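> Could you work out the structure for the sequence below:
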Amino acid sequence: MRIICLVFFALIIITSCKESNQTEVVPVVEQSAVETATANASLTAIQLPSTGKSHLPRLKASGGKLHMTWVEQEGDTAILKYASYDSAKWSQPRTIISGDNWFVNWADFPALGVNGDYVLTNILEKSAEGTYDYNIKLQLSKGDAIIKDDFLLNTDGVDAEHGFVSIQAYDGGFYATWLDGRNTKNEDKSKNQMTLRNAYIDLAGNITQETEIDSRVCDCCNTATAITNNGPVAVYRDRSDTTPEIRDMAIVRWVDGAWSKPMVIGNDNWELNGCPVNGPAIATKEENVVVSWFTAEGDAPRVLTAFSNDNGASFGGAIRIDNGNAIGRVDTDFMSDGSALISWLEPMGENVVLQVARVYVDGTHDAPVTVTNTSAERQSGFPQLEVVGDVVYVAWTDLNGDNSEVKMVRFEIN
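Have a look, this model is predicted:
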């Protein structure tokens, strides 16, 4: 199975990407599964409001509810839809925006932010004939009312790649982080780099504080944004200036009115001259932070997790949670007791399965829950995990020939 996974992994690498400064190597905390299992969790399927061909779910917990966006396909037209779930029923789904000129991608899918009654989403709209020439368009609404529709997040005017957006509610608005390719069209090859940028969007749709926070990052891995007691943080796959390139996870923090310098998490030292399309996931709970990610350093694919108790200023050793042959595509969220749940894809026998495991700050973890059989194909996308109270929700894209359907289960963990 190791050979199969590595062949798949090699197929999804896309050329180009970046990194950050190297620090002292922290050893991986190797832990065998503890047999107190979440493995006996009872999974309950949830009927979803999606129709037809659906994919690319995104989940967000806010106000005691689960919020979800997804994309439906009708011929060449893509439709971004939204609904909320209060543990008993879904709200009436509503169309946020539709179009036939989007860049629709299995790994770079619409983000979702919820601040009270305000919902902020994005789509990627083609800007030129180039395959990867597209802009980030935002949509801001309150209930059924559109506050501001179809407005640009990136305002550089360059026909280049802009995407991998993550959004998090903060104070009277939202922080958004994205990969910005405006410099990739620079004729000076030394400056031809993908960058990481961030901006603040208020509840009227005004964009301020746009800042470049890393000038050289991996080109095609998702970003993740969260809020600590000290303010916003963002995690992403960085890209070194060295040869061979190192593509490890990094974090930046909003400190005293400015973004900090990138700090590497885990120090995998993964040498890779390509993009693994496999970024990090983050969750916060007051001053506590959990980050999960995929690495294949040393030709050993695995999923790692690390905790911080100081708002992301430092992290403990990386905890390995997979069964020995992970594909990645991770997500994470905190439980009420300070433990965290991690989801990922991994081959098991003849199948690829979606796994969820509970991980503790001391480095131990429960035996994983196998949520469903799935597929390693790109179109199966990135499963989503979100905790509301102590109820766990997991959503994914189920493939059946040329058709796809978003599915979801819920379960509780003591």
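> residue boundaries of the helices in this protein?
2-12 (DSSP state H).
> Now do the closest residue to Val388 other than its chain neighbours: how many residues are near it, please.
What sits nearest to Val388 in space, not counting adjacent residues and going by CB to CB, 6 or more residues apart in numbering, is Ala61, at 4.7 Å. Bear in mind the C-beta positions are built from the backbone N, C-alpha and C, glycine included. Residues lying near Ala61 (other CB atoms under 10 Å) number 17.
> One more: the one 10 residues further on?
By other CB under 10 Å, the residues close to Val71 number 24.
> Then Asn309?
Around Asn309 there are 15 residues (other CB under 10 Å).
> so it touches Asn288, yeah?
Yes - contact criterion CB atoms under 8 Å: Asn309 and Asn288 qualify, at 5.6 Å.
> rewinding a little: which residues pair with the residue nearest to Val388 across the strands?
Each beta-bridge partner of Ala61 is listed here, defined by DSSP bridges: Leu66.
> That one and Asp333: what is the separation?
8 Å (CB to CB, to the nearest Å).
> Check Thr370 too.
Distance from Thr370 to Asp333, by CB to CB: 18 Å.
> Those two: who's more crowded?
Of the pair Thr370 and Asp333, Asp333 is the one with more neighbours under other CB under 10 Å, namely 24 against 16.
> For that one, give me its contacts.
By CB atoms under 8 Å, 6 or more residues apart in numbering, the contact list for Asp333 reads Ala61, Ala283, Ala340, Leu341, Leu385, Glu386, Val387, Val392.
> And the residues you listed, which of them are buried?
Burial by neighbour count, 16 or more other CB atoms under 10 Å: within those this picks out Ala61, Ala283, Ala340, Leu341, Leu385, Glu386, Val387, Val392.
> these two touch, right, the first one and Glu386?
Yes - judged on CB under 8 Å, Ala61 makes contact with Glu386 at a distance of 4.9 Å.
> from memory Gly328 sits against Leu345, does it?
Yes - the criterion here is CB under 8 Å, and Gly328 meets it with Leu345 at 6.6 Å.
> Based on its surroundings, how many neighbours for the residue lying closest to Pro244 once chain neighbours are set aside?
When the adjacent residues along the chain are set aside, Pro244 lies closest to Glu271, with 4.3 Å between them (CB to CB, 6+ apart). Here the count is done by other CB under 10 Å, and Glu271 has 14 residues near it.
> confidence score at Glu271?
For Glu271, the model assigns a pLDDT of 96.
> And it, how close does it get to Val330?
For Glu271, the distance to Val330 - CB to CB - is 21 Å.
> do the same with Arg320
Distance of Arg320 to Val330, computed by CB to CB: 12 Å.
> Looking at the two, which has the bigger crowd around it?
For Arg320 versus Val330, the count of surrounding residues by other CB under 10 Å is larger for Val330: 28 against 21.
> how close does the residue nearest to Asp150 when sequence neighbours are not counted get to Ala234?
Spatial nearest neighbour of Asp150, excluding adjacent residues (CB to CB, 6+ apart): Lys137 at 5.2 Å. According to CB to CB, Lys137 and Ala234 sit 21 Å apart.
> Then Asn267?
Counting by CB to CB - Asn267 and Ala234 are separated by 19 Å.
> How about Phe334: which residues does it bridge to?
With DSSP bridges as the rule, Phe334 is bridged to Ala340.
> contacting residues for it?
Ala283, Thr284, Lys285, Asn288, Val290, Ala340, Leu341, Val387.
> how about stretch 47-55: buried residues?
Leu48, Pro49, Ser50, Ser54, His55.
> that older thread, of Lys137 and Ala234, which one has the most company?
Ala234 (29 against 21).
> OK, contacts around the residue lying closest to that one once chain neighbours are set aside?
Using CB to CB, 6+ apart and skipping the chain neighbours, the partner closest in space to Ala234 is Thr177 (4.5 Å). Applying CB under 8 Å, 6+ apart, we find Thr177 in contact with Val165, Ser166, Leu196, Arg197, Asn198, Ile213, Thr223, Ala224, Thr225, Ala234, Tyr236.
> Any quick ChimeraX command for the buried ones out of those?
To isolate the buried members of these in ChimeraX, using 16+ other CB under 10 Å:
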select :165,166,196,197,198,213,223,224,225,234,236
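> Serialize the contacts of Asp333 to a markdown table and add fields for pLDDT.
Formatted as a markdown table, the contacts of Asp333 follow (pLDDT from 0 to 100):
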| residue | pLDDT |
| --- | --- |
| Ala61 | 97 |
| Ala283 | 98 |
| Ala340 | 98 |
| Leu341 | 98 |
| Leu385 | 98 |
| Glu386 | 98 |
| Val387 | 97 |
| Val392 | 97 |
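> Considering those residues, which is situated nearest to Ala107?
Leu385 (16.7 Å; CB to CB).
> Run through the bridge partners of that closest one.
Residues in beta-bridge contact with Leu385 (DSSP bridges): Val394.
> Pro301 versus Ala326, what's the distance?
In terms of CB to CB, Ala326 sits 5 Å off from Pro301.
> err, Lys65, not the other one
On the measure of CB to CB, Lys65 and Pro301 end up 35 Å apart.
> More neighbours: which of these two?
Pro301 (24 against 15).
> was I right about that one contacting Asn323?
No - with contact defined as CB under 8 Å, Pro301 does not reach Asn323; the gap is 11.0 Å.
> okay, stretch 115-132 in CSV with CA atoms only?
Extracted in CSV, the C-alpha atoms of stretch 115-132 (Å, rounded to 0.1, in the frame of the first residue of the first chain):
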residue,chain,number,x,y,z
ASN,A,115,-19.9,36.9,12.2
GLY,A,116,-23.3,37.0,13.9
ASP,A,117,-25.9,37.3,11.1
TYR,A,118,-23.2,38.3,8.6
VAL,A,119,-21.9,35.7,6.1
LEU,A,120,-18.7,36.3,4.0
THR,A,121,-17.8,33.9,1.1
ASN,A,122,-15.7,34.0,-2.0
ILE,A,123,-15.5,32.5,-5.4
LEU,A,124,-12.6,32.5,-8.0
GLU,A,125,-13.4,34.2,-11.2
LYS,A,126,-11.4,33.9,-14.4
SER,A,127,-9.6,37.2,-15.3
ALA,A,128,-7.8,36.1,-18.5
GLU,A,129,-7.1,33.2,-20.9
GLY,A,130,-4.4,31.7,-18.8
THR,A,131,-5.3,28.5,-16.9
TYR,A,132,-4.4,30.0,-13.5
